[in-house]
Each structure stands twice: as structure tokens, then as C-alpha cells.
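**Student:** let's see this in three dimensions:
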Amino acid sequence: MDTSSLEAFTRLSQNIYLYQPTSPHIERSVSPTLIILCTWLGGATIRRISKYTTEYQRRFPSAYILLITANFSDITVRSFQAIRRGLAPARAAIRRILSSNNAPTTLLHIFSHGGCNTAAQLVRSISEEPNDTSFLSTLQLVVFDCCPGDNAFGRSYNAAALSLPSTQPANTIGRLLLYPTMGMITSLQHIGVMHSVADLRSELNDPTLFGVAARRLYLYSQEDEMVRWLDVERHMDAARAKGFPVDGVCFEHGPHCALVMADGLRYWTAIERAWSETGCGEGGSIRGGKKSKL
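**Tutor:** Next comes the predicted model:
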């Protein structure tokens, strides 16, 4: 993967990168101490990811940015234990950053199911460490970007296919091999041998994962063919029912994990506003360009 657009980042492992700000951290109301980005599968090129890292650097110049990219094997064949071992450099960076700042705060931005899985394993592995620095007490905002959806075979297959090479004949061969592979995975998920998207949806609303105080912002689109807006809103409703502070912004247009290109101003305004309101009460939802309480 070409990492030239991440020149300001230090590579900690094959899929983990860290940006260290040049300016000192300022008060919580202006900027989080740490921003963690857990990216999506398929199409998550460094060039596309840099659209988010660059804008976060501009809007929150004193924040550290920890970038963790997702792999297809993470949601198919790798065990949770293997994923957690691979996240060791991220945990070490988080401990160092949070322990060296007074009253540290964290913004967690997760994209699609690949990012959800990475974030869940990261947070679970942090909480299991004997020297846990109370990460959850620093977590102020979780951004759910185009997630979570359902485990329909067609949508899962289409999402996985985005990870295939774009050139021929590699793409055609990959699709031929992918179909039976996804079929087997789906079957194993249905009989409970492997964790499914339904399991992931449930875990994301487990109060012990992200805690009950962290604010949640759901960003999703009516045009998303990978994750239906209806599934996202059902998850939002379930989160509200559990007492989590929830806001949602529904875009009329915008493909999967590309909402920022559909309406960048609205996208970043929602994130900045949600951050400024961390610690506030339950929020509302924006549908079809109309403001409801966000």
C-alpha cells in the first residue's frame, strides 16, 4: 500500500500508524487528546483515508491521531486473539499518550464493519490489560460511519468484493473464489461457529464496550448499498433505549464510506458539533437535510 500521503505519520506496524502533533495539547473543549480511526474494508486506500486524517489535523491540530486499517482476514479467518496480538502497538501508543496528558480525552471514529470489529477488539484488549489506564473514562465520542448493518449474504459479498484487486483477470478470479468462501463463512455464522454481524451489532450496544457516558454519532446514507439506513437507525434506537447519548445524521446521497465526498461541510460540522456537545444529554437526528436536534 502506498503510504506517501501519510508522510507525517509514523508506521508502528503493517496496519497501524501514529501522527504526533507539533503543537502542545490544548483544553478538552477545543480538541481531543487522541483521535483513533478504525477504517473499513475494500477501497480504503491511503489516498481516501488521508481525506479524513488531513481534515482531522486541520480541525484539531493539537490531537494525536492513531490510524488502524482493516484486513479482510480480520473478519473472516483470524481469531480475536490473533487480532488483539496485532493491536499491541496501538495499545502501547494509547497508554503512552493518555498517561502523559492531564485529563486526556479520546474521539473514536469507526468505519463500516471492518472498523467496528477492529475497535471492539482494541477496546476489549485494553480493558483486559493489568495496567489498564481507564481508557473508557477518556472516551468522549464514538463516530459510527456507515455502520452497523445486517448480515445479509449479498451485502456482505459486495462489501468483501471491494477488497479484491481492480485489475483483470485477478478481479474475476477473486470473485469466483470469494463467492463460495463467503457462503461457507455465512453458513458457519448462522450455526454459531463464527461470530456474525448480528453478534457485532449486539456487542456495539454492550455498555461494557464503550461505556455508557460516551456520546455516539451515527453518520449514514440512504444510498448506501452495503449498509442500509434502516439497519443503522434500528441500532440507534436500541442504543437510545439503553440510555446512551445518541445523535444521527442521515445523508440523502453518498456511497458507502464516502459521505464526506457527498457533503463534506455537513459531515464535518456534525462531527465538530457532536464533539462540542460531549457530556450533554440525549440528542436527536437529522434526516433528509432537516435538522431535528443536532
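
**Student:** how much space separates the nearest residue to Gly254 once chain neighbours are set aside from Ala238?
**Tutor:** For Gly254, the nearest residue in space outside its immediate sequence neighbours is Ala262; the separation is 3.2 Å by CB to CB, 6 or more residues apart in numbering. Where C-beta positions appear, they are placed from N, C-alpha and C, glycine not excepted. Computed as CB to CB, to the nearest Å, the Ala262 to Ala238 distance reads 26 Å.

**Student:** got it, and Ser137?
**Tutor:** Relative to Ala238, Ser137 is positioned 24 Å away (CB to CB).

**Student:** likewise Arg96?
**Tutor:** With distances defined as CB to CB, the gap from Arg96 to Ala238 amounts to 35 Å.

**Student:** could you do Arg228 as well?
**Tutor:** For Arg228, the distance to Ala238 (CB to CB) stands at 15 Å.

**Student:** what's the answer for Val123, then?
**Tutor:** The spacing between Val123 and Ala238, counted by CB to CB, is 19 Å.

**Student:** the two: which has the busier surroundings?
**Tutor:** In this view Val123 and Ala238 are compared by other CB atoms under 10 Å, and Val123 has more residues nearby, 23 against 15.

**Student:** that one contacts Phe135, correct?
**Tutor:** Yes - the pair Val123 and Phe135 passes the contact test of CB atoms under 8 Å, sitting 6.9 Å apart.

**Student:** what residues does the helix or strand containing Arg48 touch?
**Tutor:** When elements are defined using DSSP states H and E, Arg48 is found to belong to helix 46-59. Defining contact as CB atoms under 8 Å, 6 or more residues apart in numbering, one finds that helix 46-59 is touched by 1-6, 8-9, 19, 21, 35, 37, 39, 63, 65, 67, 69, 109, 258, 260-261, 264, 268, 272.

**Student:** cool, stretch 197-210 as well?
**Tutor:** Residues external to stretch 197-210 that are found in contact with it (CB under 8 Å, 6+ apart): 108, 113, 116-117, 120, 123-124, 127, 136, 139, 142, 144, 148-151, 156, 189, 216, 235, 238-239, 242, 244.

**Student:** so what's the residue nearest to Gly254 up against?
**Tutor:** Contact partners of Ala262, counting by CB under 8 Å, 6+ apart, are Ser221, Phe251, His253, Gly254, Pro255.

**Student:** in this protein, which spans are strands?
**Tutor:** Defined through DSSP state E, the strands belonging to the chain, from first to last, are 9-13, 16-19, 34-38, 64-68, 106-111, 139-145, 215-221, 246-251, 285-286.

**Student:** by contact count, what packs against the fifth one?
**Tutor:** Applying 3 or more CB pairs under 8 Å, 6 or more residues apart in numbering; DSSP states H and E, one finds that strand 106-111 makes contact with strand 34-38, helix 112-127, strand 139-145.

**Student:** mind listing what's buried along the second one?
**Tutor:** Along helix 112-127, the positions that meet the burial threshold by neighbour count (16 or more other CB atoms under 10 Å) are 112-126.

**Student:** what is the nearest of those to Gln14?
**Tutor:** Checking those against Gln14 with CB to CB, the nearest one is Thr118 at 13.3 Å.

**Student:** need the contact list for the closest one.
**Tutor:** Neighbour list for Thr118: Cys38, Thr39, Ile68, Ala70, Asp74, Ile83, Leu87, Ile110 [criterion: CB under 8 Å, 6+ apart].
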